[in-house]
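> Dropping the sequence and predicted coords here.
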Amino acid sequence: MSITWIATILVIEDCLSELKLISHYLSDRGYNIIKASCAKEALEIILESKPDAIVTDVVMPGMSGFELCRFIKTNSANQKVPIVICSSKNQAIHRLWAKKQGADAYITKPYTPEQLLSVIQSLEA
């Protein structure tokens, strides 16, 4: 395993099985994982823990992953944190909207562990 600058990843997912799956894929590759089940919880974690990268779902209660992404990217203290949108929404408009909100990458469910890791590693380059 190579040394990476992304050491801690915040995973935000309201589906417990998906949260466990993503966390497992990434922790198996040596990343430290912080978990959140909603955007509000994630915002509190971001302020306290300063993660190196964020992987977020889109459809969540309260605040969507798109809204969360826009909020993070407009905050000067966190705007350089890479954000990966991980969603079942697979249309070009969703990818475009994610980019307009500041997302650095977009991956669609279902995905393989290799696809997720490839996206995370692309942010380290």
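Good, I have the coordinates. Note that this is a predicted model, so its numbers are computed, not measured.

> ok, so what distance separates residue 61 from residue 76?
27 Å (C-beta to C-beta, to the nearest Å). For every residue, glycine as well, the C-beta is placed using N, CA and C.

> swap in residue 124?
22 Å.

> Looking at those two, which one has more neighbours?
residue 124 (13 against 7; other C-beta atoms under 10 Å).

> neighbours of the closest residue to residue 78 other than its chain neighbours, just the number please.
Of all residues not flanking residue 78 in the chain, residue 72 sits nearest, at 5.0 Å (C-beta to C-beta, 6 or more residues apart in numbering). Neighbourhood size, residue 72 [other C-beta under 10 Å]: 23.

> what's the answer for the one 5 residues further on, then?
Using other C-beta under 10 Å, the number of residues around residue 77 comes to 10.

> Please apply the same query to the one 4 residues further on.
When neighbours are counted by other C-beta under 10 Å, residue 81 registers 20.

> Backbone torsions only: list them for residue 86.
Residue 86 adopts backbone torsions of phi -120, psi 110, taken as degrees, to the nearest 10.

> quick one: contacts for it?
For residue 86, the contact set (C-beta atoms under 8 Å, 6 or more residues apart in numbering) comprises 13, 22, 55-57, 107-109, 111, 116.

> again, but for residue 52
Per C-beta under 8 Å, 6+ apart, neighbours of residue 52: 5-9, 81-82.

> could these be laid out in JSON lines, adding distance to residue 39, pLDDT and secondary structure?
Output for those, formatted as JSON lines (distance: C-beta to C-beta, whole Å; pLDDT from 0 to 100; DSSP: H, G, I helix; E, B strand; the rest coil):
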{"residue": "5", "distance to residue 39": "25", "pLDDT": "70", "secondary structure": "coil"}
{"residue": "6", "distance to residue 39": "21", "pLDDT": "75", "secondary structure": "coil"}
{"residue": "7", "distance to residue 39": "23", "pLDDT": "90", "secondary structure": "coil"}
{"residue": "8", "distance to residue 39": "18", "pLDDT": "95", "secondary structure": "strand"}
{"residue": "9", "distance to residue 39": "16", "pLDDT": "96", "secondary structure": "strand"}
{"residue": "81", "distance to residue 39": "14", "pLDDT": "94", "secondary structure": "coil"}
{"residue": "82", "distance to residue 39": "17", "pLDDT": "96", "secondary structure": "coil"}
